[in-house]
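Peer 1: quick one, fold the following:
(chains A and B)
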Protein chains: 2
Amino acid sequence: MCQLLGLNCKTPTDATFSFTGFCQRGGLTDHHADGWGIAFFEGRGLRHFVDHQSAVESPVAELIRRYPIKSRNIVAHVRKATQGDVALENAHPFVRELWGHYWVFAHNGDLKDYHPHLHGSFHPVGTTDSERAFCWLMQQLAKSHAGMPSVHELTLTLHELVPQIRRFGNFNFLLSNGQALWAHASTSLYYLVRQYPFAHATLSDQDLSVNFADINSPDDRAAVVVTTPLTSNETWTAFATNELKVFVDGAPTDATLS
Amino acid sequence: MCQLLGLNCKTPTDATFSFTGFCQRGGLTDHHADGWGIAFFEGRGLRHFVDHQSAVESPVAELIRRYPIKSRNIVAHVRKATQGDVALENAHPFVRELWGHYWVFAHNGDLKDYHPHLHGSFHPVGTTDSERAFCWLMQQLAKSHAGMPSVHELTLTLHELVPQIRRFGNFNFLLSNGQALWAHASTSLYYLVRQYPFAHATLSDQDLSVNFADINSPDDRAAVVVTTPLTSNETWTAFATNELKVFVDGAPTDATLS
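Peer 2: Residues are numbered from 1 along each chain as shown, chains lettered A, B, ... in the order given. Next comes the predicted model:
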């Protein structure tokens, strides 16, 4: 099973701490050695790194662990191949442009015999069920709205679309357009909100802890969404089965429905 | 003025040598300190690195100079902002997906009052004339062909499209879909083909030389396209004004027309 990591923040935040723990699952403490990827929004721009080497061996992952890239929306993935070869074009997250914004998608799960009718402008480059699902979501969003709608309207549309995919199998995913982070759980997804007063956090996968009070200001706030909890001493909230949540400015919003 | 670097190779080749010289123009020996970017095709997959720091200061550029990424098609750019702020979303090369393939585009020049009618599926994320031109090219290619045509057919279509853009100003560009590299010169573009028997090459911008005979096999072949020659002891061929060339397997092909 793949692993997902998403961050949605009120102010630009670096993911060095969370990404360090997350990378350990890419071939060291867990069996997700078939590539990895991460995308950081910076304003409307995007930094997108993918590799088909494992996240613990990749020189690019090493760079990201050392070089703090500040972002308000981050989507990361380490891959255990279920469908599609181990190849760069099958590494998540995937990126497309819609309405003059980049959209980023990463998936954990397995959609059986999922071959949607892709008659629009979004076609998979690789061979994964995940990229097919992303292209179908983008196609249907493009059909549903003439231009970029509000986060609330997008959430309502996703509530109509997502059940049409999840009946094919496990569909845990993260999706961001740089304004919000949508997260949907079929089987396993957890989140927490780090905010004032910040506390110590200790990584489950590595002997590393950080005092977020030292590195954050009282105005900062970050929501972290993961497949399984990253830290041993923070309280993570499990998603319900088939729950779709949307995070804006570092917190779940009212548009969240289950 | 920005600088372009393109490589089209018969076999996967690393661009460490050429990129090292090219980066020196990103803030050290020349005045192109407003960001940089590079894209490497690996099969159908793509590694895409952009930064709004200068290429000599960027930790990501440093990684690429040290970590050989092998690719058959590479497009790189260092930016001197003429239109659009210095921001990540304005850094070239730009990427879009069309017909299940990634397309990469970088531009050097300045298109005056260029605001094409973008009624299709490709919209700029940033504010540059360059990204508008790329979106228009993608829109028109999508209208001209139902699926990915041959390199020859694409070249013929580009010959129809490019003059409609270059009448707005300087339009030196590189475009690749991972199969071929198209290069068009308004004012300044040079190329050479490195092939057997390989020789020594010495960078113009840095005290560095390499004997390509030591690192290549007789079957290797690489075409290098640049704004101004990178090396002092190789023979570079200047593009004619308004010349569009297409490179496949490390050499210009018969589909080249001027």
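Peer 1: A:His152 and chain B, how far apart?
Peer 2: Distance of A:His152 to chain B, computed by Cβ to the nearest Cβ, to the nearest Å: 22 Å. C-beta here means a position set from N, CA and C on the backbone, and glycine is covered the same way.
Peer 1: mind checking the SS state of that residue?
Peer 2: In terms of secondary structure, A:His152 is helix; the call rests on DSSP: H, G, I helix; E, B strand; the rest coil.
Peer 1: in the stretch 101-250 of chain A, what residue is nearest chain B?
Peer 2: Residue nearest to chain B within the stretch 101-250 of chain A (Cβ to the nearest Cβ): A:Ser121, separated by 3.5 Å.
Peer 1: what parts of the stretch 51-200 of chain A come near chain B?
Peer 2: For the stretch 51-200 of chain A, the residues found near chain B under the criterion Cβ under 8 Å from any Cβ of the partner chain are A:51-52, A:59-60, A:63, A:66-67, A:87-91, A:95-97, A:99-102, A:120-126, A:142.
Peer 1: can you rerun that using 7 Å?
Peer 2: Residues of the stretch 51-200 of chain A lying close to chain B by Cβ under 7 Å from any Cβ of the partner chain are A:59-60, A:63, A:67, A:87-89, A:96-97, A:99-102, A:121, A:123-126.
Peer 1: in strands, which of those appear?
Peer 2: A:Arg96, A:Glu97, A:His101, A:Tyr102 (DSSP state E).
Peer 1: among those, which pair sits farthest apart?
Peer 2: Spatially, the most separated pair among these is A:Arg96 and A:His101, at 9.8 Å (Cβ to Cβ).
Peer 1: rounded mean pLDDT for the helix or strand hosting A:Cys9, please.
Peer 2: A:Cys9 belongs to strand A:3-14 when elements are defined using DSSP states H and E. Strand A:3-14 carries an average pLDDT of 93.
Peer 1: quick one: whichever helix or strand comes after that strand to chain centroid distance?
Peer 2: As assigned by DSSP H and E, the chain's next helix or strand after strand A:3-14 is helix A:16-23. Between the centre of helix A:16-23 and the centre of its host chain there is 14 Å, according to Cα atoms, centre = their mean, to the nearest Å.
Peer 1: return the list of helices and strands in contact with helix A:16-23.
Peer 2: With contacts taken as 3 or more Cβ pairs under 7 Å, 6 or more residues apart in numbering or on different chains; DSSP states H and E, helix A:16-23 sits against strand A:3-14, helix A:59-66, strand A:70-78.
Peer 1: let me know the angle separating the first one from helix A:59-66.
Peer 2: Using axes from the mean of the first three to the mean of the last three Cα atoms, to 10 degrees, the interaxial angle of strand A:3-14 with respect to helix A:59-66 works out to 50 degrees.
Peer 1: quick one: strand A:3-14 to chain centroid distance?
Peer 2: Between the mean C-alpha point of strand A:3-14 and the mean C-alpha point of its chain there is a distance of 9 Å (Cα atoms, centre = their mean).
Peer 1: what does that strand contact?
Peer 2: A:15, A:18, A:22, A:25, A:32, A:68-78, A:106, A:108, A:172, A:174, A:180-181, A:183, A:219-227, A:247-250 (Cβ atoms under 7 Å, 6 or more residues apart in numbering or on different chains).
Peer 1: one more: stretch A:122-132?
Peer 2: With Cβ under 7 Å, 6+ apart as the test, stretch A:122-132 has contacts from A:83-85, A:87, A:89-90, A:92, A:94, A:96, A:107, A:110-111, A:114-116, A:135, A:138-139, B:44, B:97, B:99-102.
Peer 1: where does pLDDT dip in the stretch 151-258 of chain A?
Peer 2: Along the stretch 151-258 of chain A, the parts satisfying pLDDT under 70 run over A:254-258.
Peer 1: just the strands in it please.
Peer 2: If DSSP state E, counting those that start in this stretch is used as the criterion, the strands of the stretch 151-258 of chain A fall at A:172-176, A:181-185, A:190-195, A:200-202, A:209-211, A:221-226, A:237-238, A:243-248, A:251-252.
Peer 1: B:Phe198: which of the ones you listed is closest?
Peer 2: strand A:172-176 (45.9 Å).
Peer 1: then the closest one to CSV, C-alphas only?
Peer 2: Included here for strand A:172-176 are C-alpha records, laid out as CSV according to Å, rounded to 0.1, in the frame of the first residue of the first chain:
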residue,chain,number,x,y,z
ASN,A,172,-7.7,7.3,-0.5
PHE,A,173,-6.6,10.5,-2.2
LEU,A,174,-5.2,14.0,-1.8
LEU,A,175,-6.1,16.7,-4.2
SER,A,176,-5.0,20.4,-4.2
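Peer 1: give me the sheet partners of it and which way each runs.
Peer 2: Strand A:172-176 has its sheet partners listed here by DSSP bridges as strand A:101-108 (antiparallel), strand A:181-185 (antiparallel).
Peer 1: just the ones you listed: most buried one?
Peer 2: Neighbour counts averaged per stretch over the strands paired with strand A:172-176 are highest for strand A:181-185, at a mean of 26; criterion: mean count of other Cβ atoms under 10 Å in any protein chain shown.
Peer 1: what residues does that strand touch?
Peer 2: Outside of strand A:181-185, the residues within contact range by Cβ under 7 Å, 6+ apart are A:6, A:8, A:73, A:155, A:158, A:162, A:171-175, A:189, A:225, A:239, A:241, A:243-247.
Peer 1: one step back: which one, of the strands paired with strand A:172-176, ends up nearest to B:Ser150?
Peer 2: Comparing those by Cβ to Cβ, strand A:101-108 comes nearest, at 30.1 Å.
Peer 1: return the closest one as PDB; C-alpha atoms alone will do.
Peer 2: Once side chains and other backbone atoms are set aside, the C-alpha atoms of strand A:101-108 remain, and they are given as PDB (Å, rounded to 0.1, in the frame of the first residue of the first chain):
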ATOM      1  CA  HIS A 101      -4.400  26.700 -12.000                       C
ATOM      2  CA  TYR A 102      -2.200  23.700 -11.400                       C
ATOM      3  CA  TRP A 103      -4.000  20.700  -9.800                       C
ATOM      4  CA  VAL A 104      -2.100  18.000  -7.900                       C
ATOM      5  CA  PHE A 105      -3.300  14.500  -7.100                       C
ATOM      6  CA  ALA A 106      -2.000  11.500  -5.200                       C
ATOM      7  CA  HIS A 107      -3.800   8.200  -4.500                       C
ATOM      8  CA  ASN A 108      -3.400   5.300  -2.200                       C
END
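Peer 1: what's the burial count for the residue of the stretch 51-200 of chain A found nearest chain B?
Peer 2: Going by Cβ to the nearest Cβ, chain B is nearest to A:Leu88 of the stretch 51-200 of chain A, at 2.8 Å. Using other Cβ atoms under 10 Å in any protein chain shown, A:Leu88 has 21 other residues around it.
Peer 1: which non-adjacent residue is nearest it?
Peer 2: Across the structure, with Cβ to Cβ, 6 or more residues apart in numbering or on different chains as the measure, the residue nearest A:Leu88 apart from its sequence neighbours is B:Gly45 (2.8 Å).
Peer 1: thought that neighbour was touching A:Glu89?
Peer 2: Yes. Taking Cβ atoms under 7 Å as the definition, B:Gly45 is a contact partner of A:Glu89 at 3.5 Å.
Peer 1: of the contacts of strand A:3-14, buried ones?
Peer 2: If you count burial by 16 or more other Cβ atoms under 10 Å in any protein chain shown, the buried members of the contacts of strand A:3-14 come out as A:15, A:18, A:22, A:25, A:32, A:69, A:71-78, A:106, A:108, A:172, A:174, A:180-181, A:183, A:220-227, A:247-248, A:250.
Peer 1: contacting residues around the residue of the stretch 51-200 of chain A closest to chain B?
Peer 2: A:Leu88 makes contacts with A:Val50, A:His52, B:Glu42, B:Gly43, B:Gly45, B:Arg47, as judged by Cβ under 7 Å, 6+ apart.
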